[in-house]
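In: Please find the sequence and the predicted model below.
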Amino acid sequence: MAGNSISRSVNTSPFYSRQLRGFAIKALVTLFAFMLLIVYLLPFGNMVLISLRSSDMLALTQDSSVLPLIPITYTYEDKEYPIVEVPTDDGVQQWALVKKGRQASQFIDPANPDAGLIDWDGNWRLLSEVQEFSPYFENYPTAWEAANFPRMFGNTLVIAVVGMIGTLLSCISVAYAFARFPIPGKNILFIILIGTIILPSQVTLIPTYAFFASIGWVGTWLPLIVPHFFANAYNVFLLRQYFMTLPRELDEAAMIDGAGPFRILTSVIIPQSWAAIIAVGIFHFVFAWNDFFGPLIYLLGKPELQPISVGVQIFNFQYSPHPELVQATSLMAMVLPLVIFFLAQKVFMRGIVITGVEK
Amino acid sequence: MNSQSASAGVAAAQNAPRAWSIEKRQRFWGWVFLSPWIVGFTLFTAFPIAASLLFSFMDFKIGEEMHFIGLKNWQTLVTDPITLQSLGVTIKFGLIALPVSILFPLALAAMLNSKHVVGKPILRVLFYMPYMVPAISGIFIWQSFLNGQTGWLNRLLRLIGFVDPPNWLFDSAWIHSAMVLIGLWGVGNAMLTMLASMQGVPTELYEAADVDGAGPFTKFRKITFPMISPVILYNLVLTTIGLMQYFVVPFVLSSTTRSNPDTNFINLHLYRTAFQFFDMGYAAALAWFLFAIGLLLTIGIFATSRRWVYYSGGDL
């Protein structure tokens, strides 16, 4: 028995120490990763806490508190007095400062107002005010109304959803063509399509704008929607890659059953591709939500048509002396894309990987 | 619109192609399904690129008759001090921004690929998340975070002993660094593609390196980096093109803080030329100039890629 336990301890102690070291490294690296994450996300904290300050809180200065704090007051004989921390022989007391003095001040104890004024020797300026955490949520409804969020949301939704329908119809169709049909020169066409990814959009900007201006579309949503009915490289690429992985046997079986190419698309290809289709839909939605340059040039001077991106910029420019409202609008403008992302993050991130890695 | 043309196609196909061979019919349908892109490419890409070049030789203002002025816009372009200054700003910023835009996501991806990290799925989602924040929200969030007085960054810097941290957005010496910091929230895609590529590296390679006694840095340099180099190349090209188009951040910063020569990026200069001064001809010349620079840089990157990008397929 004894020999057995000795040999066991001899055998296992290096194992345990190795395991322990592995555990320590894991803990350290993981700790570092989460610390880095916190630093990376720190601007969110800054935003939230600024958005919860009321405009009549102390002006933002270097020394003002990070948290939205307001001084606590105590009403005594119909007048409000600040509560301060007073060092006394019985420890620090929280008393209302009634009479300020450099040599001596008078206080009232809110817990025992009937005791009357308490005299205290010392300079009141050295005492610190008692403050309480007091988030001011009113900024959100205020900014919501002042920036006319319902209208901005409505505009953005129309532009995003109609454009999304266009993207889906056209990209599914084009990807289907690239994935399944013997088109002469298909490879060259596909390279041209992919080449448009690295084409800077400015090079088509001026004539496109002039064209939309000449047919009277500037000042409407049409330039932000209609071009999406003509497919774009990223989404076609994503869908084509996906369609290529689907077995052709099912297509062929459907064809033998007399299904035409259109029928095969709607009842064989699309039902197998929901993951990729949802990814493309979300990509477009997020793109449209984010698009700034398009609305900036095509909806100039039409505030009632502006989507959220330009609308928030205009509002925040006008309200720049009110950082609390600026931060509140910034938060409200990002909620929906983030919610969609969290709900669909698996599908979404898989789509990014397909377009980014497999090229 | 699209489905209408497709159903019109259905009707046409019912009559005509019956007599065609299967091959011919398939080809016909291929063109039908491809047509949205063919039309879109012609209408919104090929034709405008050509028109843009043409406009660069014109005096063209919206609503006015355009007329040919030869190389005048191009002469202005090479002598205009604002254009040259904006090109300088873009290059100067790019020299800091490009390396960061590759190295930071690369480091994050390496960290998230490490076998020592616990909680990878949640870390991956949360490190990616800022990429989903709309640019406009992100810029205002960072503007507040970088506030010289009250922003958390400077509060933090003062806390750890920097007595006089920079006033990021209002100091010529720091504004580009501040914009690089803002850009850190835009690395999600690069991080994710690099990570996915790292996860695709065959584990046998690392096992073989372990047998040879290679350390983690050697393994990264000799195995991970070459294996993911195509993705790095792809991201480098996209970021370079993105730099040429850098717009929203300098636009918002210069409209909410002040007009500042340091935020006069070339694409912002193009926007002002076209939509504030309405000089469309000159803006078209600027656009083509930008296009040419982007193309040259892309070609340059691809030319160097032979030395550092490894294609496991063996071609190229």
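Out: Structure received. Because the structure is predicted, anything quoted here is derived from the model rather than measured. Numbering: from 1, shown residues only, chains lettered A, B, ... in the order given.
In: The helix or strand where residue A:262 lies packs against which elements?
Out: Here residue A:262 sits within helix A:261-264, counting by DSSP states H and E. Here helix A:261-264 touches helix A:248-256, helix B:2-15, helix B:22-41, going by 3 or more CB pairs under 8 Å, 6 or more residues apart in numbering or on different chains; DSSP states H and E. In short, each C-beta sits where N, CA and C put it, glycine included.
In: which one of those helices has the lowest average pLDDT?
Out: In terms of average pLDDT, helix B:2-15 trails the rest of the helices and strands packed on helix A:261-264, at a mean of 48.
In: Sketch out the helices for the stretch 101-250 of chain B, chain order is fine.
Out: Counting by DSSP state H, counting those that start in this stretch, the stretch 101-250 of chain B has helices at residues B:120-128, B:135-145, B:152-159, B:175-183, B:188-199, B:203-211, B:216-219, B:225-244, B:248-256.
In: check contacts around the residue of the stretch 1-150 of chain B found nearest chain A.
Out: Residue of the stretch 1-150 of chain B nearest chain A, by CB to the nearest CB: residue B:40 (2.3 Å). Listed by CB atoms under 8 Å, 6 or more residues apart in numbering or on different chains, the contact set of residue B:40 reads A:170, A:227, A:229-231.
In: With adjacent residues omitted, what lies nearest to residue A:237?
Out: Excluding the flanking residues, the one nearest residue A:237 by CB to CB, 6 or more residues apart in numbering or on different chains is residue A:355, at 5.8 Å.
In: What about the contacts of residue B:40, which one has the most neighbours?
Out: The most crowded member of those, judged by other CB atoms under 10 Å in any protein chain shown, is residue A:231 (29 neighbours).
In: Pretty sure that residue sits against residue B:36.
Out: Yes: between residue A:231 and residue B:36 there is a contact at 5.0 Å, judged by CB atoms under 8 Å.
In: hey, what's in contact with both of those two?
Out: Common contact partners of residue A:231 and residue B:36 (CB under 8 Å, 6+ apart): A:170, A:173-174.
In: what about the longest helix in chain A?
Out: helix A:2-51 (DSSP state H).
In: Whether that helix contacts chain B - can you check?
Out: Yes: on the criterion CB under 8 Å from any CB of the partner chain, helix A:2-51 is in touch with chain B at A:25-26, A:28-30, A:33-34, A:36-37, A:40-47, A:50.
In: for that helix, what is the average pLDDT?
Out: On average, helix A:2-51 scores 80.
In: Quick one: name whatever helix or strand follows that helix.
Out: strand A:69-71.
In: List the strands paired with the next helix or strand after that following strand, with their directions.
Out: Toward the C-terminal end, the helix or strand that comes next after strand A:69-71 (DSSP H and E) is strand A:73-76. According to DSSP bridges, strand A:73-76 forms sheet pairs with strand A:79-88 (antiparallel).
In: So which bits of the partner strand are buried?
Out: A:81-84, A:86 (16 or more other CB atoms under 10 Å in any protein chain shown).
In: I would like the residues contacting it, please.
Out: A:71-75, A:92-98, A:107-108, A:110, A:120, A:124, A:127-130.
In: And stretch A:90-106, end to end?
Out: 17 Å (CA to CA, to the nearest Å).
In: quick one: contacts of that stretch?
Out: In contact with stretch A:90-106 (CB under 8 Å, 6+ apart) are residues A:73-74, A:76, A:81-86, A:107-110, A:117-125, A:127, A:130.
In: Could you rerun that using 10 Å?
Out: Identification of contacts with stretch A:90-106 by CB atoms under 10 Å, 6 or more residues apart in numbering or on different chains yields A:72-77, A:79-88, A:107-111, A:113, A:116-125, A:127-130.
In: Okay, buried residues for it please.
Out: Of the residues in stretch A:90-106, A:93, A:95-98, A:105-106 count as buried by neighbour count, 16+ other CB under 10 Å.
In: Just give me the neighbour total for residue 289.
Out: Looking at chain A here, since you left the chain open. So residue A:289, with other CB under 10 Å, has 23 neighbours.
In: not quite, I wanted chain B
Out: 22.
In: Tell me who's in contact with it.
Out: Residue B:289 touches A:202-203, B:56, B:73-74, B:77-78, B:83, B:87, B:244, B:266, B:270, counting by CB under 10 Å, 6+ apart.
In: so where's the stretch 51-200 of chain A shaky on pLDDT?
Out: Scanning the stretch 51-200 of chain A for pLDDT under 70 picks out A:57-63.
In: need the residues of it near chain B, please.
Out: Applying CB under 10 Å from any CB of the partner chain, we find that the stretch 51-200 of chain A lies next to chain B at A:51, A:59-64, A:66, A:156, A:165-166, A:168-184, A:186, A:189, A:192-193, A:195-200.
In: Go again with 6 Å.
Out: Residues of the stretch 51-200 of chain A lying close to chain B by CB under 6 Å from any CB of the partner chain are A:60, A:62, A:169-170, A:173-174, A:176-177, A:181-183, A:196, A:198, A:200.
In: Which two of the residues you listed have the greatest separation?
Out: Greatest spacing in those, by CB to CB: A:62 and A:182 (69.7 Å).
In: For residue A:33, which residues are in contact?
Out: In this structure, residue A:33 makes contact with B:111, B:117, B:123, judged by CB atoms under 6 Å, 6 or more residues apart in numbering or on different chains.
In: Can you tell me how far the closest residue to chain B within chain A is from residue B:206?
Out: Nearest residue of chain A to chain B: residue A:230, at 2.3 Å (CB to the nearest CB). For residue A:230, the distance to residue B:206 (CB to CB, to the nearest Å) stands at 46 Å.
In: ditto for residue B:235
Out: From residue B:235 to residue B:206 the distance is 23 Å (CB to CB).
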